[in-house]
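S.K.: Turn this into a structure:
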Amino acid sequence: MIRFVSLRLLTYVILAFVATSFAYLLAASLMHPEEVLYPPIATQPIPPATAQMYLDVRNVNPDTPLFERYATWLGGLIRGDLGVTTGTNKSMVPVVQELATRIPISLRLVVLGTVIGTVLGVLVGMVSAVRRNSIGDRVSTFLAFVLLSLPTPVVILIVQQTNQGVMDLTGWGLPAINPINPLLAPGSWESISYQIKALVMPTIVLALFAAASYSRYMKVTTLDVLGSDYLRTARAKGLTRGRAMTKHGLRMALIPMGQYFAFAVGAAFTGSLFVELMFNWQGIGRFAVSSIGMADVNGTAGVVLYTAILTLLSATFADFLQGVLDPRIR
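M.R.: Numbering: from 1, shown residues only. Just a heads-up that it's a prediction; the model follows:
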């Protein structure tokens, strides 16, 4: 199994490198940071020498050949340097510094939402399959399809309005936006408690989507297992459907879920874009949107690298989980 996971990990590393390189080349060829740094409608023209210096030091000068800029960026990537931001503040903040500040914020949402949603979705999907056509199965199926058909901003607004309604009735509610309260001393218990409360609603949103998706997929795989010969044999020996599924079928039903996990993490990151914007979290999602809006070539490539590494790690974990569950791989 170690050889299997190692080969898959090497494949994922190559794919992550290719995806990030392609993203940089695409951003560098289509984005025009010089128009953001020095817009054509500027009232005071910038001396050409000054403009060239600013663009050269950021490695975004359109007069420099594309592959020469890529070679410079690639050399920095090997050294762990992703360049500097090319936004309008002209402060040249290192992209690595921005990512180091924002990644922990986003991971709180993605990891918690994915884990809670995965566990809940697997349980609901398995129970729905075992008790097919029951009231619980029909209710969970209806709710899952409703969630999956609604855009993420709509679900966020529903959760926020529900919280506001509870607050109007009881006087108690969760923070609606901004996980940091500037009125509280940093590091104090009040500040930590506020951040924990602010984490609840965004996590609920991501967990709901993950649970809805996983429950549908888990139900399908469980139904396949319920129709297998070995499970019918177990039931013929006197085990109930639930007992036979728990003892013999759960492992086989979870094998396809392992590969699905890698793609679900990417979907959670996409959902976190809206969550961070609408809950005012200063994470990778907000940084990605601002980078694209400001034609930040280096920042955009850094976000793609983060997403690729996140998918790489989740895919490697999925392969490991599949190796543990499936003895044929071992």
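
S.K.: can you list the domains in this structure?
M.R.: Listed by automatic domain parsing, the domain ranges of the chain are 1-88+294-330, 110-283.

S.K.: Can you say which of those is nearest to residue 97?
M.R.: domain 1-88+294-330 (9.1 Å; CB to CB). Any C-beta I mention is one placed from the backbone N, CA and C, and that applies to glycine too.

S.K.: re earlier: tell me which of the domains of the chain lies nearest to residue 96.
M.R.: Here domain 1-88+294-330 is closest among the domains of the chain (CB to CB), at 5.4 Å.

S.K.: just to revisit the earlier point, want to throw the domains of the chain into CSV with mean neighbour count, mean pLDDT and distance to residue 102?
M.R.: Conversion of the domains of the chain to CSV gives the following (neighbours: other CB atoms under 10 Å; pLDDT from 0 to 100; distance: least, CB to CB, whole Å):
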stretch, mean neighbour count, mean pLDDT, distance to residue 102
domain 1-88+294-330, 16, 79, 9
domain 110-283, 17, 80, 5
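
S.K.: which helices and strands sit right next to the helix or strand where residue 303 lies?
M.R.: Using DSSP states H and E, the secondary-structure element containing residue 303 is helix 297-325. For helix 297-325, the packing partners by 3 or more CB pairs under 8 Å, 6 or more residues apart in numbering; DSSP states H and E come out as helix 2-30, helix 66-78, helix 95-130, helix 250-279, helix 284-293.

S.K.: what's the nearest residue to residue 250 once chain neighbours are set aside in contact with, if anything?
M.R.: Of all residues not flanking residue 250 in the chain, residue 126 sits nearest, at 7.1 Å (CB to CB, 6 or more residues apart in numbering). By CB atoms under 8 Å, 6 or more residues apart in numbering, the contact set of residue 126 is 218-219, 222, 245, 250, 253.

S.K.: Just put the residues you listed in JSON lines and tack on distance to residue 142.
M.R.: Below are these laid out as JSON lines (distance: CB to CB, whole Å):
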{"residue": "218", "distance to residue 142": "17"}
{"residue": "219", "distance to residue 142": "13"}
{"residue": "222", "distance to residue 142": "18"}
{"residue": "245", "distance to residue 142": "23"}
{"residue": "250", "distance to residue 142": "25"}
{"residue": "253", "distance to residue 142": "22"}
